[in-house]
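A.B. asks: Here is my input; please provide its structure:
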Amino acid sequence: MTGGYVGKLLFVDLTEGKIREEELSEDLARKFIGGYGFGARILYDMMPGGADPLGPDNVLGFVTGPLTGSGAVFSGRYVVVCKSPVSGTWNDANSGGYFGPELKKAGYDAVFISGASKKPVYLWINDGEAELRDASKLWGLDATESLQALIKDTGEKKMRAALIGPAGERQSLLACVMNDRHRAAGRGGAGAVMGSKKLKAVAVRGTGDVPVADPKRLKAINRTVRAAMKDGPMAMMMAGFGEYGTGMGNVGSALSGDSPVKNWGGVGVVDYGADAANNLSVPVIDAKYKTKAYGCASCPLACGAHYEVSDGPWPIEHGDRPEYETWAAFGSTCLNSNAEAIIKVNDICNRAGLDTISTGMTVAWAIECYENEVLNRQETGGIELTWGNGAAIVDITQALADGKGLGATLALGSKAAADKLGKGHEYLVTVRGIEVPMHDPKLGPGLARTYQYDATPARHVKGGAGLMQIMDPTSAKYNYEGTGFLDVMVTSNIEMINICGLCLFGMYAGVEGVQMQLMEAVTGWSFKSQDQMQAAMRVMNMKQAFNLREGLTPADFSVPARIVGKPPQEAGPVAGVTVDNDRLADNFFAAMGWDRETGKPSRRMLELMGGMDDVIEDLYD
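C.D. replies: So this is what the prediction gives:
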């Protein structure tokens with residue numbers, strides 16, 4: 001093993017209070033690369049099938065990729081892995097910021113945490129030294145307060161932390177893991193898993209270096225990417241993202257059929273309208289509230305921004321610009337065009353440690369229930385949960401964050417809330433209980449397969465043909481013949497970007513195969529398209545094996561009828577479209593070599609992959 005890895009894995013048993021190190025083997029690095037590749041392999045080894053997601057047998061991992069912290073452009077990512085308490089499936093949640101690179105510089109490629117503490121603790125890692133510390137005084141603090149308290153407790157102003165807010169402490173199934181105040185490993189309830197373990201934070205400080213095999217080549221690739229961002233075919237889009245963030249296209253997305261409207265039951269140009277959409281124009285909002293731009297580690301784009309709201313009903317002194325998914329979840333999905341309300345709920349979620357996609361979708365579900373008299377005013381605590389009511393959306397989100405009244409039920413997520421209340425199931429838009437994100441398969445049909453059958457359901461950042469199809473204005477994207485190979489190829493490409501520690505913006509810069517070039521420069525390995533394909537396929541099969549061991553088959557995964565046009569919309573840009581999600585799945589499973597009925601990878605496929613002998617034994621013995 002040469003560059004890209006610091007060579008150590010840390011294992012923490014919270015039940016026993018024990019910490020141990022293991023050397024990272026080159027075999028594991030070569031076969032599973034990093035990120036959730038490491039996570040899938042190690043959690044399969046450490047966890048029994050059927051483990052309670054909120055019990056001590058669930059293993060929680062904080063994992064970096066070989067590019068994380070290497071100085072490669074866009075290499076500020078890390079991933080949190082566990083079994084999801086929402087879906088009961090494999091779960092990974094990706095985040096940027098500075099925590100991942102700091103963990104590498106502190107001496108570890110990954111940390112895996114098992115067991116459960118009897119009292120609140122945090123893990124403190126300082127340049128290769130790790131210890132568990134009492135976190136009783138931190139318990140109950142919000143994410144921003146917790147970060148400041150950790151800086152004071154450790155005496156390290158430059159430390160970084162991945163932590164939970166009060167939502168995670170209460171084991172809300174919408175809880176996420178926060179870092180750098182505004183970055184989140186958001187989906188699947190990982191924050192609830194931390195809360196179940198009484199783990200408030202993983203705090204790290206590192207001054208070491210991440211080895212790079214060929215620094216000169218790395219610098220040359222970085223220069224190529226930066227040049228492409230300025231002058232390449234994607235330059236205009238990248239400039240827009242850099243200036244206005246992921247919400248750059250809020251207005252167009254709301255009207256084009258991309259953003260969901262009225263809890264996926266409406267049409268942007270009919271039910272929302274151009275005036276409402278224009279109220280969420282980020283250039284206009286930035287002019288009022290933006291105070292400073294920011295970027296993640298090694299990021300040449302800097303798509304983030306700090307906001308300050310000095311007047312109105314919801315003043316915020318140190319806020320942050322919402323991401324596209326947040327604008328859409330609390331905006332068009334709720335028929336809300338009040339920008340200040342969305343800035344406020346974004347701040348509420350960041351401080352409480354809540355996934356804004358699932359929280360916004362849960363609020364939209366509650367609004368539709370209220371509008372259809374499934375919920376009444378007494379149940380909402382007097383909140384008028386009507387479409388477009390920005391003040392009500394703020395109030396119910398605050399109640400959800402505080403775990404009070406109806407908010408305590410909504411904190412379970414929409415599916416679990418419907419189950420607890422015994423009503424409202426007809427308005428759910430979830431896959432395996434996880435709320436669907438903010439891109440419509442009727443515009444990008446491949447998303448239906450990704451949402452339904454990725455090992456982590458209802459994710460828009462897991463590849464497949466869908467995100468490309470959103471930008472395709474032709475009807476060719478609705479031809480479902482032979483889509484499997486393209487679907488697998490694009491998914492494999494995104495898998496590698498995720499597991500090697502890159503941000504997806506690295507792909508959007510317009511340098512073909514940039515992740516493979518960076519892998520060669522950083523690790524010193526020969527890393528060509530066939531190497532990427534094999535490693536990505538191995539990781540996909542490993543995650544699939546995790547779900548199969550949980551007893552899950554394809555029949556256990558379904559998509560809501562609304563998101564695939566059943567029945568089709570009667571107006572708007574995607575009028576008349578019904579996505580053939582079954583055909584898309586048939587093609588994908590065939591291209592992957594997975595049995596359509598059982599979901600099992602073929603034995604021959606697993607043998608060719610290598611490194612999966614135990615999986616073969618479990619599936620075929």
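A.B. asks: what are the ranges of the strands in the stretch 351-500 of the chain?
C.D. replies: 430-431, 434-435 (DSSP state E, counting those that start in this stretch).
A.B. asks: nearest to Gln171, of the ones you listed?
C.D. replies: strand 434-435 (16.1 Å; CB to CB). Just so you know, the C-beta spots here come from the backbone N, C-alpha and C atoms, and that holds for glycine as well.
A.B. asks: Can you give the contact residues for that closest one?
C.D. replies: Contact with strand 434-435 is made by 84, 86-87, 187-188, 357-358, 361-362, 413-414, 429, 457-458, as judged by CB atoms under 8 Å, 6 or more residues apart in numbering.
A.B. asks: which two in these are spaced the farthest apart?
C.D. replies: Spanning the widest gap among the contacts of strand 434-435 are Ser84 and Val429, at 17.5 Å by CB to CB.
A.B. asks: rewinding a little: please identify the deepest-packed of the strands of the stretch 351-500 of the chain.
C.D. replies: Mean neighbours per residue, mean count of other CB atoms under 10 Å, is largest over those for strand 434-435, with a mean of 28.
A.B. asks: And the average pLDDT for that one is what?
C.D. replies: Averaged over strand 434-435, pLDDT sits at 98.
A.B. asks: Okay, now the sheet partners of that strand, with direction.
C.D. replies: strand 430-431 (antiparallel) (DSSP bridges).
A.B. asks: which residues are in contact with the partner strand?
C.D. replies: So strand 430-431 is contacted by 87, 361, 413-415, 436, 451-452, 457-458, 557-560 (CB under 8 Å, 6+ apart).
A.B. asks: Take those and lay them out in TSV including neighbour count and distance to Asp618.
C.D. replies: Formatted as TSV, the contacts of strand 430-431 follow (neighbours: other CB atoms under 10 Å; distance: CB to CB, whole Å):
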residue	neighbour count	distance to Asp618
Ser87	28	21
Met361	32	35
Gly413	29	30
Ser414	30	34
Lys415	24	29
Val436	27	31
Tyr451	28	27
Gln452	25	24
Pro457	29	22
Ala458	29	26
Phe557	20	20
Ser558	13	26
Val559	24	28
Pro560	17	32
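A.B. asks: Narrow those residues to those in helices?
C.D. replies: Counting by DSSP state H, the part of these found in helices is 361, 414-415, 451-452.
A.B. asks: Most widely separated two among those residues?
C.D. replies: Most distant of those, by CB to CB, are Ser414 and Gln452, 17.5 Å apart.
A.B. asks: if we take the ones in helices among the contacts of strand 430-431, which one ends up nearest to Leu619?
C.D. replies: Nearest to Leu619 among these, counting by CB to CB, is Gln452 at 21.7 Å.
A.B. asks: Turn the ones in helices among the contacts of strand 430-431 into a markdown table, columns for pLDDT.
C.D. replies: Shown next, in a markdown table, are the ones in helices among the contacts of strand 430-431 (pLDDT from 0 to 100):
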| residue | pLDDT |
| --- | --- |
| Met361 | 98 |
| Ser414 | 98 |
| Lys415 | 98 |
| Tyr451 | 98 |
| Gln452 | 98 |
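A.B. asks: so which of the residues you listed comes closest to Asp320?
C.D. replies: For these, the nearest to Asp320 is Met361 (20.3 Å; CB to CB).
A.B. asks: dump the residue contacts of that closest one.
C.D. replies: With CB under 8 Å, 6+ apart, Met361 has these contacts: 263, 329, 333, 414, 429-430, 435-436.
A.B. asks: so who does Gly268 touch?
C.D. replies: Here Gly268 is in contact with 254-257, 259, 261, 277, 332, 572-573 (CB under 8 Å, 6+ apart).
A.B. asks: Which of the contacts of strand 430-431 lies at the shortest distance from Gly599?
C.D. replies: Phe557 (8.9 Å).
A.B. asks: what bits of the stretch 351-500 of the chain have low per-residue confidence?
C.D. replies: Within the stretch 351-500 of the chain, not a single segment meets pLDDT under 70.
A.B. asks: let's go with 90 and repeat that
C.D. replies: 463-465, 467-468, 471-472 (pLDDT under 90).
A.B. asks: Repeat that for the stretch 101-250 of the chain.
C.D. replies: Those would be 232-234, if you go by pLDDT under 90 across the stretch 101-250 of the chain.
A.B. asks: all helices in it, in order from the N-terminus.
C.D. replies: With DSSP state H, counting those that start in this stretch applied, the stretch 101-250 of the chain shows helices at 143-154, 166-169, 190-196, 215-231, 235-244, 250-256, listed in chain order.
A.B. asks: Redo the ones you listed as CSV? Include distance to Tyr44.
C.D. replies: Listed next are those as CSV, based on distance: least, CB to CB, whole Å:
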stretch, distance to Tyr44
helix 143-154, 31
helix 166-169, 25
helix 190-196, 17
helix 215-231, 32
helix 235-244, 36
helix 250-256, 37
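A.B. asks: Ok, which of those comes nearest Phe527?
C.D. replies: Counting by CB to CB, Phe527 lies closest to helix 215-231 out of the helices of the stretch 101-250 of the chain; the figure is 12.3 Å.
A.B. asks: Check which helices and strands the closest one sits against.
C.D. replies: helix 235-244, helix 514-523 (3 or more CB pairs under 8 Å, 6 or more residues apart in numbering; DSSP states H and E).
A.B. asks: mind listing the strands for the stretch 201-350 of the chain?
C.D. replies: Ranges of strands in the stretch 201-350 of the chain, per DSSP E, counting those that start in this stretch, are 290-294, 304-309, 316-320.
A.B. asks: out of these, nearest to Ser526?
C.D. replies: Across the strands of the stretch 201-350 of the chain, closest to Ser526 is strand 304-309 (CB to CB), at 35.5 Å.
A.B. asks: Can you give the strand pairings for the closest one, parallel or anti for each?
C.D. replies: As assigned by DSSP bridges, strand 304-309 forms pairs with strand 290-294 (antiparallel), strand 316-320 (antiparallel).
A.B. asks: Just name the most buried of the ones you listed.
C.D. replies: Greatest burial across the strands paired with strand 304-309, using mean count of other CB under 10 Å, falls to strand 316-320, with a mean of 17.
A.B. asks: and the angle for that one with helix 143-154?
C.D. replies: Angle, strand 316-320 to helix 143-154, by axes from the mean of the first three to the mean of the last three CA atoms, to 10 degrees: 90 degrees.
A.B. asks: any idea of the mean pLDDT in strand 316-320?
C.D. replies: 95.
A.B. asks: CA atoms only for it, dumped as PDB, please.
C.D. replies: C-alpha atoms of strand 316-320 as PDB (Å, rounded to 0.1, in the frame of the first residue of the first chain):
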ATOM      1  CA  ILE A 316     -31.200  34.600  12.800                       C
ATOM      2  CA  GLU A 317     -27.800  36.000  13.600                       C
ATOM      3  CA  HIS A 318     -25.600  33.100  12.400                       C
ATOM      4  CA  GLY A 319     -27.600  31.000   9.900                       C
ATOM      5  CA  ASP A 320     -26.800  29.200   6.700                       C
END
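A.B. asks: and it, how far from the chain's centre?
C.D. replies: In terms of CA atoms, centre = their mean, to the nearest Å, the centre of strand 316-320 is found 23 Å from the chain centre.
A.B. asks: cool, and stretch 260-273?
C.D. replies: On CA atoms, centre = their mean, the centre of stretch 260-273 falls 24 Å from the chain's centre.
A.B. asks: Out of the ones in helices among the contacts of strand 430-431, flag the one nearest to Met47.
C.D. replies: Distance ranking of the ones in helices among the contacts of strand 430-431 against Met47, using CB to CB, places Lys415 first at 23.6 Å.
A.B. asks: Go ahead and confirm the closest one touches Gly424.
C.D. replies: No: when contacts are counted by CB atoms under 8 Å, Lys415 is not listed as touching Gly424 (9.7 Å).
A.B. asks: List the residues that contact Gly463.
C.D. replies: Taking CB under 8 Å, 6+ apart, one finds 450, 490-495 in contact with Gly463.
A.B. asks: who wins for most neighbours among these?
C.D. replies: Thr450 (30 neighbours; other CB atoms under 10 Å).
A.B. asks: Next, the buried residues of the strand or helix carrying Asn587.
C.D. replies: Assigned by DSSP states H and E, Asn587 belongs to helix 581-592. For helix 581-592, a neighbour-count test (16 or more other CB atoms under 10 Å) marks 581, 583-589, 591-592 as buried.
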